[in-house]
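In: Pasting a predicted model and its sequence here:
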Amino acid sequence: MRFRVFVLVVAAAVFAGTVACDESLSSITGPTPNLEPTLSSIQKEIFDTTDSSGRLACINCHNGRNPFVPGNLTAGASYATLVGTPSVEKPALRRVAPGDPANSYFVHKLEGGPEILGTRMPRGTGPYLTAGQMLVIRRWIELGAAND
C-alpha cells in the first residue's frame, strides 16, 4: 500500500511539473496522446476509443444496452452515470466524487485496488489504463469533474 501511495505521489509530481511547464500531456498519456483533463477528452480518448495498446473502448460493455453491466459511458450519458452517482457495488461511495479522486469508486475500479468489489476495469487481464492516463482522469476529478 505504501509503495502504491509513493508511486501515485511521484506520478502526481511528474504530472504537476509537466502541466506547470506547459508541456504537452502526450509525454505521459502513452497510447492516448491527445488526452486532456476534461470529460469531452476522456469521453473521446478513453470511453469511445480502443487505444493503440489494445485496451478496448469502455462503451464496448458500458453502453446502456446490457442490464448486467452497470453504467452507461456513451456520449451524453456518461456524466449522469458517473458524477455524484452512488456506486452499485459500494453505494456509500460516489462513482465520481467531484474534487475527490481518492474517494471516487470509478478511480478505484480503474486502478484495481483491494477495496473494490468485482473485477478491475477494463474487465479481464488488461491492458489497463496507464499511470499517465489515470493522472489525467484524477486531475479532471480534482478540478471538479465538470461536464464539458
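Out: Yes, it's here.

In: Okay, now the unreliable bits of this protein?
Out: 1-26 (pLDDT under 70).

In: all helices for it, in order.
Out: In the chain, the helices defined using DSSP state H lie at 2-20, 39-42, 78-82, 105-111, 131-142.

In: and the third one, C-alpha only, in CSV?
Out: Output for helix 78-82, consisting of C-alpha atoms alone and laid out as CSV, is shown next (Å, rounded to 0.1, in the frame of the first residue of the first chain):
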residue,chain,number,x,y,z
SER,A,78,-21.5,9.3,-19.1
TYR,A,79,-21.7,12.4,-16.9
ALA,A,80,-25.0,11.4,-15.3
THR,A,81,-23.8,7.9,-14.9
LEU,A,82,-20.6,8.9,-13.2
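
In: Just the buried residues of it, please?
Out: Judged by neighbour count using 16 or more other CB atoms under 10 Å, the buried positions of helix 78-82 are 78-79, 81-82. For glycine as for every other residue, the C-beta is placed from the backbone atoms N, C-alpha and C.

In: Looking at those residues, spot the one nearest Asp48.
Out: Ser78 (9.4 Å; CB to CB).

In: The closest one: what's it in contact with?
Out: With contact taken as CB atoms under 8 Å, 6 or more residues apart in numbering, Ser78 is in contact with 39, 43, 47, 72.

In: and of these, the nearest to Arg65?
Out: Using CB to CB, Asn72 comes nearest to Arg65 of the contacts of Ser78, at 8.5 Å.
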